[in-house]
Structures are given as C-alpha cells and as structure tokens.
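Asker: Using only what follows, build the 3D model:
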Amino acid sequence: MNKVLVIIPAFNEEKSISKVIHDIPKKVVDEIIVINNNSTDQTANQAKNAGATVLFEPNKGYGYACLKGMEYVKNQNLQPDIIVFLDGDYSDYPEQITELILPITAHNYDFVIGSRNNPQVEKGAMTPQQIFGNKLATSLMKLFFNANFTDLGPFRAIKYPALLELKMQDKTYGWTVEMQLKALKNKLTCTEIPVKYRKRIGTSKVSGTVKGTIFAGIKILTWIFKYTLKR
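Answerer: Presented below is the predicted three-dimensional model:
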C-alpha cells in the first residue's frame, strides 16, 4: 500500500480550505499538510479544525510554502511514496487524487500533472492570462525540449524519491515550471491526466493581480530560458 501525503500551500483561504480538505479521499491519503503562508485570516484554524496538519511559513510565496511542506516530510520517521500538490482555493477537485496517482501506482510513472487543457474546465475558471501563459510556456518546452506538457497545473503527483532528486529551489511563482523542467532534465517518466477545474473561491493572488501576472510570467520564462542555455 502506497503512503500518500498531500501538500497544500494556503494564503488567506479561510472560505475554501475546509472544503478542499473535506473532499480529499481519506482512504487514499495518509496525511494532509496545509502550509499557512502568513495568512491574515482564519485559514490556519479552519485547516486544523478540518483535520489537517498545519505548518507556518512566514515568507510569502508558493515555493516557500511548498518547500516548508517538503522540509516537514523529510523530518518524518516514515517517508511517503507519493506527494500530491494541491491548491487551497477549491478550483481543483480533490476527489480526483485517486485518478491523479493511478499512473504512478498502476503504471510506475514518476510524475503526473493534472492538465486543465480539456473541455471539463468550467467556463471562466481560468483567466485569459493563465491560458496564454500556459500555452506559451508549454509551447516553448515543446520547442526546446520536445516535451509533451499541455499545462503548468499545480494539481500534480510525484514519487517522493523523484521529488528529492529534483532539488527544488524556486521560492515564488516559478515552482511548477521548475519542477517540470527538472523532471525533463532528470529523465523522469511523465504523463498528464485531464482534470476538472472550476472558478476558485476568492481572488487569485497571482493571476488575479497585474503584479502577480507579470512576475509569474517573468519567472516562468526565466526558468525556461535558463534551462535552454544549459543544453
């Protein structure tokens, strides 16, 4: 039986975090880890009351939060087999974790991305800048690395030993693309499954602001061109 842990970065997600935790299939997942990324609302309390392990990361940034979760996992006596990354805004469907990890458990893939590039995505759930950014990034990865990714979706699963091999570093907006680029470099076996996606609860801290959109775009392109120059 595979040990599966879920890492959820969360900044001011008090209205959604308990819904996310509630919908995670408990028969599949051994522990839910929510990283309170210096929230100013009741995110931490809501997550704790819903049954999650709650960690505090004072430095704001998606990567900071994910790295905090990984540090916690590393210090546990019994290491997991699979790590699932999931957002705390209820835009993904947590019950699809069962489908997400199936290519790993049944077919021995190293890395699986939940792709939002499919008709199951609710109209308006992704902003035009998200759609454009994903298309640009995945097209560049296809051009430079012959990669078959269609999305930078944050809903993803990876074998824990493979995750450690990647030596993740990005502290903010480049976390997802860094993981995909390093997966290619390390020759991990990668695949995607189509996932459902709905309008998030609350406003996105990245695509919902001009600043967030610009900085995310710069960070993503920086990682891609950095790896292109290393070839």
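
Asker: how close does Arg198 get to Ala125?
Answerer: Look at Arg198 and Ala125: by Cβ to Cβ, to the nearest Å, they are 5 Å apart. For the C-beta atoms, the positions are set from N, CA and C on the backbone; glycine is no exception.

Asker: which residues sit in contact with Leu181?
Answerer: Met141, Phe145, Trp223, Ile224, Tyr227 (Cβ atoms under 8 Å, 6 or more residues apart in numbering).

Asker: before we move on, back to that, shared neighbours, Arg198 and Ala125?
Answerer: Between them, Arg198 and Ala125 have Ser91 as joint contacts when contacts are counted by Cβ under 8 Å, 6+ apart.

Asker: show me what contacts Asp41?
Answerer: Asn12, Glu14.

Asker: How much space separates it from Leu86?
Answerer: With Cβ to Cβ as the criterion, Asp41 and Leu86 are 19 Å apart.

Asker: what does Phe111 give?
Answerer: 15 Å.

Asker: More neighbours: the two, which one.
Answerer: Between Phe111 and Leu86, counted using other Cβ atoms under 10 Å, the more crowded position is Leu86 (27 against 24).

Asker: these two touch, right, that one and Val6?
Answerer: Yes. Judged on Cβ atoms under 8 Å, Leu86 makes contact with Val6 at a distance of 5.7 Å.

Asker: list the residues that contact both of those two?
Answerer: With Cβ under 8 Å, 6+ apart, Leu86 and Val6 have common neighbours Ile24, Ile97.

Asker: what's the nearest residue to the most centrally placed residue in the chain if we skip its chain neighbours?
Answerer: Note on the chain: the residue nearest the mean C-alpha position is Pro154, at 2.9 Å, using Cα atoms, centre = their mean. Nearest residue to Pro154, sequence neighbours excluded (Cβ to Cβ, 6 or more residues apart in numbering): Asp87, at 5.2 Å.

Asker: Based on its surroundings, how many neighbours for the one you found?
Answerer: Asp87, neighbours per other Cβ under 10 Å, totals 20.

Asker: Now do the same for it: its pLDDT.
Answerer: Listed pLDDT for Asp87 reads 97.

Asker: Helix, strand, or coil at it?
Answerer: The assignment at Asp87 comes out as coil when based on DSSP: H, G, I helix; E, B strand; the rest coil.

Asker: what's near enough to touch the residue nearest to Met126 when sequence neighbours are not counted?
Answerer: Of all residues not flanking Met126 in the chain, Arg116 sits nearest, at 6.4 Å (Cβ to Cβ, 6+ apart). Arg116 sits next to Ala125, Met126, Asn134, Asp151, Gly153, Val195, Tyr197 when contact means Cβ under 8 Å, 6+ apart.

Asker: From Lys167, how far out is Arg116?
Answerer: Applying Cβ to Cβ to Arg116 and Lys167 gives a distance of 27 Å.
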